[in-house]
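Enquirer: I would like the atomic coordinates for the input below:
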Amino acid sequence: MTLSATTTTKKPRPRRGKAGPGFPPPSIGPSPIARTLGVLVLVGACLYFLLPVFWLVVASTKNNADLASTFGLWFADFNLDQNYDSLMRWTQGLFWRWVANSVLYSGVAGVLGTLLAVMAGYGIAKFEFPGKKVFVGAIMGGLLLPVALLTVPLYIEFDALGLTNTMWAIIIPSAASPFGVFLGIVFAKTAVPTEIIEAARIDGASEARIFFTIVLRLLGPAMVTIFLFIFVATWNNFLLPLLMVSSPELKPVTLGLYGMMSYFSPDKGAVMLGALLGIVPLVVLFFTLQRYWRSGLAAGAVKG
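Expert: Just a heads-up that it's a prediction; the model follows:
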């Protein structure tokens, strides 16, 4: 006769949490305290980013007296017409020209910089050549250098070439993006299978045809991400246009609004309205391309 001992195993207690559509199972869901803290952190982050935008909208409807005497986060008497007239008068009718200049500089630099970044990133990721590690190290070193540190040497070079006070003095430096090349390397490693490239080579396709007909399509979402980074960096760049451009007709909107604030007693409500109108192209661009931007970031987050 054999005796069999039965052993009982203690099941782990499930963690507390809500169950149902939109919630993880209770066994892996966060506790109510953790969920509440997470919601509070997200609400705080939303307020941190949205309150300055709301304040800008409110301030653009006020004059100098209202900005000093009324509550900062609420409207006073609406002065949009007066502020817009003052904006046109202070800028001598050049405000929308400045906005168009910013769109031109950022758009052209974004397209050229994106194409150069994905070409360099694809070449480094998929080809072996002497000095490859040196190139990658130089790109990583470029990420560590502040843009302002390179502005004065760039001005000296462009002045010697006779390109200052032209649109190319802003577009060409802005199109060179070490961060864009780094993203191009990451995206090319993850989104471009080597098997497709080898199959195209067997079929007799040249390297240029492979890149422009196959690689660019695979890197579409990644290119949108790189384009947005270069576009915003060019739009927000202030020191480079300040040194390179002197003609009022060539100024971007950031430099033009700075000129308004340099007067003795500027109309701050008009400046706020100009800043609000100046970011409209950026907002439209982000809402238009946000789907491709998110998919591009997700593709770059996966290591191949």
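
Enquirer: residues in contact with the helix or strand where Y155 lies?
Expert: Assigned by DSSP states H and E, Y155 belongs to helix 147-161. Helix 147-161 is contacted from outside by T164, A169, I172, P173, A233, N237, L239, L240, L243, M244, using CB atoms under 8 Å, 6 or more residues apart in numbering. Using the backbone N, CA and C atoms, a C-beta is placed for each residue, glycine as well.

Enquirer: what sits against the third one?
Expert: Right, the one you point to is I172. Going by CB under 8 Å, 6+ apart, I172 touches F158, L163.

Enquirer: got it, and the first one?
Expert: For T164, the contacting residues are Y155, F158, M244, V245, S246, by CB under 8 Å, 6+ apart.

Enquirer: where does it fall, phi/psi-wise?
Expert: With angles defined as degrees, to the nearest 10, T164 sits at phi -70, psi 160.

Enquirer: how near is it to G256?
Expert: 18 Å (CB to CB, to the nearest Å).

Enquirer: ditto for the third one
Expert: If you measure I172 against G256 using CB to CB, the figure is 21 Å.

Enquirer: now this protein, which segments are flagged as low pLDDT?
Expert: Along the chain, the parts satisfying pLDDT under 70 run over 1-29, 264, 293-304.

Enquirer: got the domain ranges for it?
Expert: Domain segmentation of the chain under automatic domain parsing yields 32-79, 87-301.

Enquirer: which of the ones you listed sits most buried?
Expert: Per-stretch averages of neighbours, counted by mean count of other CB atoms under 10 Å, single out domain 87-301 among these, with a mean of 17.

Enquirer: returning to what we had before: after the helix holding Y155 comes which helix or strand?
Expert: Heading C-terminal from helix 147-161 (DSSP H and E), you reach helix 168-175.

Enquirer: ok now that following helix, how far from the chain's centre?
Expert: 17 Å (CA atoms, centre = their mean, to the nearest Å).

Enquirer: helix 147-161 and that helix, what's the angle between them?
Expert: 140 degrees (axes from the mean of the first three to the mean of the last three CA atoms, to 10 degrees).

Enquirer: just the C-alpha atoms of helix 168-175, please, in CSV.
Expert: The C-alpha trace of helix 168-175 is given here as CSV (Å, rounded to 0.1, in the frame of the first residue of the first chain):
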residue,chain,number,x,y,z
TRP,A,168,19.9,80.0,-49.3
ALA,A,169,21.8,81.3,-46.3
ILE,A,170,19.0,79.9,-44.2
ILE,A,171,17.9,76.9,-46.2
ILE,A,172,21.3,75.2,-46.8
PRO,A,173,22.5,75.1,-43.2
SER,A,174,19.1,74.1,-42.0
ALA,A,175,19.0,71.1,-44.4
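
Enquirer: shift numbering so it begins at 305
Expert: Renumbered: residue one is now 305, and that last one reads helix 472-479.

Enquirer: and the next helix or strand past that helix?
Expert: helix 482-495.
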